[in-house]
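K.L.:
Give me a 3D structure for the following:
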Amino acid sequence: MVGICLLTALGTLVRMAHFQDFPRAFLISALVDPLTLPIVLALRPVFLRRHFESGFQVLRILLLNTLLCIGAAFLLTCWVRLVTNVTGWHVPNWGTLQSWAVPWVYYSIVFAGWRFAQFWSAAELAVHAEKQRAAAAEAEALKAELRHLRHQLDPHFLFNALNGIAVEIEDHPDAAVGMVRELAAYLRYSLDQRDRTVTSIGLVFDAARSYLELQKARFGPELDYRLVSDEPSRRRMAPSFLLQPLVENAVKHGLKGGQTPVEVAIEAEANEAELQIRVSSPGVLRPDWERAGDPGVGLSVLTRRLQLHYPGRHDFMLRQIGERVVATLRLRGEPCSV
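P.N.:
Next comes the predicted model:
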């Protein structure tokens with residue numbers, strides 16, 4: 001209806017240039033231009049039915065659209081001639097050919113413009129629908145990948161933990177029993193989180209504490225740890241088991257250095273814009289660690305999970321600060337729960 005009103009206004013301005021008479025120009029436009037609406041509605045199903053065909057039929061469809069627009073313009077031109085003949089309001093100095101040709105060309109352009117607008121609108125809707133389908137498919141793929149990554153984390157941890165227990169069974173059976181208990185507590189926590197891709201930092205720290213208690217039972221006085229987190233950070237949401245790969249690496253590489261006791265420190269602080277987590281332990285970081293080859297299952301999983309949960313909103317840095325290797329995570333916003 002807005003289009004009909006605009007077309008009527010345009011028709012009035014065009015006829016004003018010929019008739020130099022506003023009432024006459026407006027009346028002819030009001031009698032003629034609104035008839036474009038039923039013609040448009042009649043042609044719409046034909047256009048929609050043909051719109052999505054492609055390939056070798058494109059030329060035929062283009063020709064059909066052109067003929068339909070020209071035919072619709074001819075019908076409207078016949079109505080214009082009828083109105084002007086009945087009212088006697090002919091354009092001065094126009095011959096018969098001009099009286100037919102000018103409105104015919106004018107309305108052919110009108111219908112072609114409407115067809116182009118309809119084509120553009122349908123194409124935009126198709127693109128939007130395709131984007132929605134692609135987004136839905138990507139979301140399902142991300143969910144499947146996150147499930148795979150979660151399943152990859154647990155066996156990796158269990159492999160390390162069970163190997164540690166096996167080493168202690170013969171020489172330190174009491175320590176092995178303590179490790180089994182800590183492992184049971186950790187697995188209970190893991191089962192509680194099995195259907196969650198995100199959880200609170202407080203629970204992430206609890207999981208890290210369970211793991212470190214398990215390792216401390218194995219290494220005794222050679223290993224110590226320190227967990228520091230403020231209340232705002234503990235309430236923030238993050239991917240479950242986010243710190244596991246970093247804590248495992250901190251323990252493993254810290255003990256390789258030979259300096260004991262090894263203190264693994266995990267610190268978290270948050271403000272309105274950002275959550276920052278640091279995991280550090282004694283050690284020496286290779287300057288070319290990023291180009292040294294395969295970063296291992298742990299860091300590969302961590303990197304991919306950050307990409308999925310914080311696309312374009314995270315920073316991961318591994319640096320040498322004094323005699324300690326410090327891994328720093330900066331996470332902006334809430335994690336995507338895909």
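K.L.:
What's the separation between residue 305 and residue 278?
P.N.:
Residue 305 sits 18 Å away from residue 278, going by CB to CB, to the nearest Å. Where C-beta positions appear, they are placed from N, C-alpha and C, glycine not excepted.
K.L.:
Comparing these two, which residue is more hemmed in?
P.N.:
Neighbour tally, residue 305 and residue 278, criterion other CB atoms under 10 Å: the higher count belongs to residue 305, 24 against 18.
K.L.:
Could you list every helix and strand that whichever strand or helix holds that one packs against?
P.N.:
Element membership for residue 305 (DSSP states H and E) is helix 296-309. Applying 3 or more CB pairs under 8 Å, 6 or more residues apart in numbering; DSSP states H and E, one finds that helix 296-309 contacts helix 96-171, strand 237-239, helix 244-256, strand 314-321.
K.L.:
Buried residues of it, list them for me.
P.N.:
Neighbour counts over helix 296-309 (16 or more other CB atoms under 10 Å) mark 298, 299, 301, 302, 305, 306, 308, 309 as buried.
K.L.:
Leaving out the residues flanking it, which one is nearest to the fifth one?
P.N.:
If the residues on either side of it in the chain are set aside, residue 305 comes closest to residue 239, at 5.3 Å by CB to CB, 6 or more residues apart in numbering.
K.L.:
Show me the beta-bridge partners of the one you found.
P.N.:
Per DSSP bridges, the residues bridged to residue 239 are residue 198.
K.L.:
List the contacts of the residue most central in space within the chain.
P.N.:
With distances taken as CA atoms, centre = their mean, residue 135 lies nearest the centre of the chain, 6.6 Å away. By CB atoms under 8 Å, 6 or more residues apart in numbering, residue 135 lies in contact with nothing.
K.L.:
Which residue is the nearest non-sequential neighbour of residue 108?
P.N.:
That would be residue 73: by CB to CB, 6+ apart, it lies 4.0 Å from residue 108.
K.L.:
unless I'm mixing things up, the residue nearest to residue 305 is touching residue 198, no?
P.N.:
Yes: with contact defined as CB atoms under 8 Å, residue 239 reaches residue 198; the gap is 5.7 Å.
K.L.:
Find residues that contact each of these two.
P.N.:
By CB under 8 Å, 6+ apart, the residues touching both residue 239 and residue 198 are 309, 335.
K.L.:
The two: which is more packed in?
P.N.:
Neighbours per residue (other CB under 10 Å) separate residue 239 from residue 198, with residue 239 holding more: 24 against 18.
K.L.:
mind checking pLDDT for that one?
P.N.:
pLDDT recorded at residue 239 is 85.
K.L.:
Make a markdown table out of the helices and strands packed on helix 296-309 and add distance to residue 59.
P.N.:
Formatted as a markdown table, those follow (distance: least, CB to CB, whole Å):
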| stretch | distance to residue 59 |
| --- | --- |
| helix 96-171 | 15 |
| strand 237-239 | 54 |
| helix 244-256 | 59 |
| strand 314-321 | 51 |
